[in-house]
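Trainee: only geometry, no sequence info:
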């Protein structure tokens, strides 16, 4: 079993930055695809970013490209999401997730992932 714990959320003004962290425990996730999803009130959970096991491949939803950066530190069993130039529409609960294996573009789907954190709230004020 893998436990994922997010941290780093909070309240920030539009244009500001936050760095989310996701600490994994229970077993190493160094070979896992890791991702971040978010869910705003009344909306479905949506893909934000994903990273392959080595960090050599990263994927982003269009609305965060150029503003968000996903990265990982395998020796520390931790994944990060650096969020810059935040906008009010980025307000949501952000979830860290991981999967032992994902084929093709299924990383876009929440059902492709095996483990989820409890989420951390990000609120961007205008």
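Mentor: Yes, it's here. The structure displayed is predicted, hence computed values, not measured ones.
Trainee: quick one: residue 51 and residue 69 touch, right?
Mentor: No - Residue 51 sits out of contact with residue 69 when judged by Cβ atoms under 8 Å, with a separation of 9.7 Å. To be clear about C-beta, it is placed using only N, CA and C from the backbone, and glycine gets the same treatment.
Trainee: if I pick the residue nearest the centre of the chain, what's in contact with it?
Mentor: Taking Cα atoms, centre = their mean, the centroid of the chain lies closest to residue 36, which sits 2.0 Å from it. Contact analysis of residue 36 by Cβ atoms under 8 Å, 6 or more residues apart in numbering lists 20, 22, 48-50, 70, 79, 81, 94-97.
Trainee: cutoff 10 Å now
Mentor: Shown in contact with residue 36 (Cβ atoms under 10 Å, 6 or more residues apart in numbering): 6, 20, 22, 47-51, 60-61, 64, 68, 70, 79-81, 83, 94-97, 117.
Trainee: For it, list each beta-bridge partner.
Mentor: residue 49, residue 96 (DSSP bridges).
Trainee: rewinding a little: the more surrounded of residue 51 and residue 69?
Mentor: Neighbours around residue 51 and residue 69, counted as other Cβ atoms under 10 Å, are more numerous at residue 51. The numbers are 24 against 17.
Trainee: on that earlier part again, inside helices: which ones of the contacts of residue 36?
Mentor: Using DSSP state H, no member of the contacts of residue 36 falls in helices.
Trainee: overlap in contacts of residue 51 and residue 69?
Mentor: Counting by Cβ under 10 Å, 6+ apart, the common neighbours of residue 51 and residue 69 are 58, 60, 80-81.
Trainee: want to throw those into JSON lines with distance to residue 40 and neighbour count?
Mentor: Formatted as JSON lines, the shared contacts of residue 51 and residue 69 follow (distance: Cβ to Cβ, whole Å; neighbours: other Cβ atoms under 10 Å):
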{"residue": "58", "distance to residue 40": "23", "neighbour count": "14"}
{"residue": "60", "distance to residue 40": "18", "neighbour count": "18"}
{"residue": "80", "distance to residue 40": "21", "neighbour count": "20"}
{"residue": "81", "distance to residue 40": "16", "neighbour count": "27"}
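Trainee: and the two most separated of those residues?
Mentor: The largest separation in the shared contacts of residue 51 and residue 69, counting by Cβ to Cβ, is between 60 and 80 at 13.9 Å.
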